[in-house]
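**Q** Task: produce atomic coordinates for the following.
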Amino acid sequence: MKGFLTFIREQGVLGLAIGFILGGAVSKIVASLVNDVINPILGMGLGAVEGLKGAFIQIGSAKLMWGSFINTMIDFVIVAAVVYGLVKLLGLNKKAEQK
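**A** Take a look at the predicted model:
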């Protein structure tokens, strides 16, 4: 049991768990920002009544959901920027370079 507690303390398992939980919360906030704010604005500009996520191109029986793809890309870029900003803000990149 002592070895297990040492492992948790030294390997940062608690920090990893906290990061995982906060990451899920940030992901929900970013998804709401993209779906509820950015997509409707882009959708109006591009003429998609349902917002950007509903934009598609019909080719025969196939429906290419290009709006949904753009939505996912915007979501990824925002999450990546938030993670990058937090790593820089907390100085975690310097700790990794020291090892």
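
**Q** ok, now how distant is the residue nearest to the spatial centre of the chain from residue 30?
**A** Closest residue to the average C-alpha location of the chain: residue 79 at 3.2 Å, with C-alpha atoms, centre = their mean. With distances taken as C-beta to C-beta, to the nearest Å, residue 79 is found 5 Å from residue 30. Any C-beta I mention is one placed from the backbone N, CA and C, and that applies to glycine too.

**Q** related to what we said a few turns ago, quick check: the residue nearest to the centre of the chain vs residue 61, distance?
**A** 34 Å.

**Q** Likewise for residue 24?
**A** Taken as C-beta to C-beta, the span from residue 24 to residue 61 is 37 Å.

**Q** between these two, which one's more packed in?
**A** residue 24 (9 against 5; other C-beta atoms under 10 Å).

**Q** by contact count, what packs against the helix or strand hosting the more buried one?
**A** Element membership for residue 24 (DSSP states H and E) is helix 13-33. Contact here means 3 or more C-beta pairs under 8 Å, 6 or more residues apart in numbering; DSSP states H and E; on that basis helix 13-33 packs against helix 66-90.

**Q** that older thread, residues touching the residue nearest to the centre of the chain, list them.
**A** 26, 27, 30 (C-beta atoms under 8 Å, 6 or more residues apart in numbering).

**Q** From these, list the buried ones, please.
**A** 26, 30 (16 or more other C-beta atoms under 10 Å).
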